[in-house]
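Asker: Task: produce atomic coordinates for the following.
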Amino acid sequence: MSFLSFLVLLAIAYLLWRITDQLPDIIFRLSEIQRDVAELRRQEQDD
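Answerer: Numbering: from 1, shown residues only. Prediction:
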């Protein structure tokens, strides 16, 4: 049972490491999406 828990802990640590490794790119893409949405809203209000 402890070996299985160790494997699960390793898997969680690996996934967290991969997420934090990609975090700057994810934040950049979210900011780009937010900018595009704001621009679309401005265009709708102008019409």
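
Asker: L15 - how many residues pack around it?
Answerer: By other C-beta atoms under 10 Å, 10 other residues sit near L15. (Each C-beta comes from the backbone N, C-alpha and C, glycine too.)

Asker: now swap in the one 4 residues further on and tell me
Answerer: By the measure other C-beta under 10 Å, the count of residues near I19 is 10.

Asker: Which element, helix or strand, includes it?
Answerer: If you go by DSSP states H and E, I19 is part of helix 2-46.

Asker: separation between the residue nearest the centre of the chain and T20?
Answerer: Centroid-nearest residue in the chain, with C-alpha atoms, centre = their mean: I26, separated by 4.6 Å. Using C-beta to C-beta, to the nearest Å, I26 is found at 10 Å from T20.

Asker: do the same with R35
Answerer: 24 Å.

Asker: Ok, E39 next?
Answerer: E39 is 30 Å from T20, by C-beta to C-beta.

Asker: I33: neighbouring residues, count only.
Answerer: Neighbours around I33, by other C-beta under 10 Å: 10.
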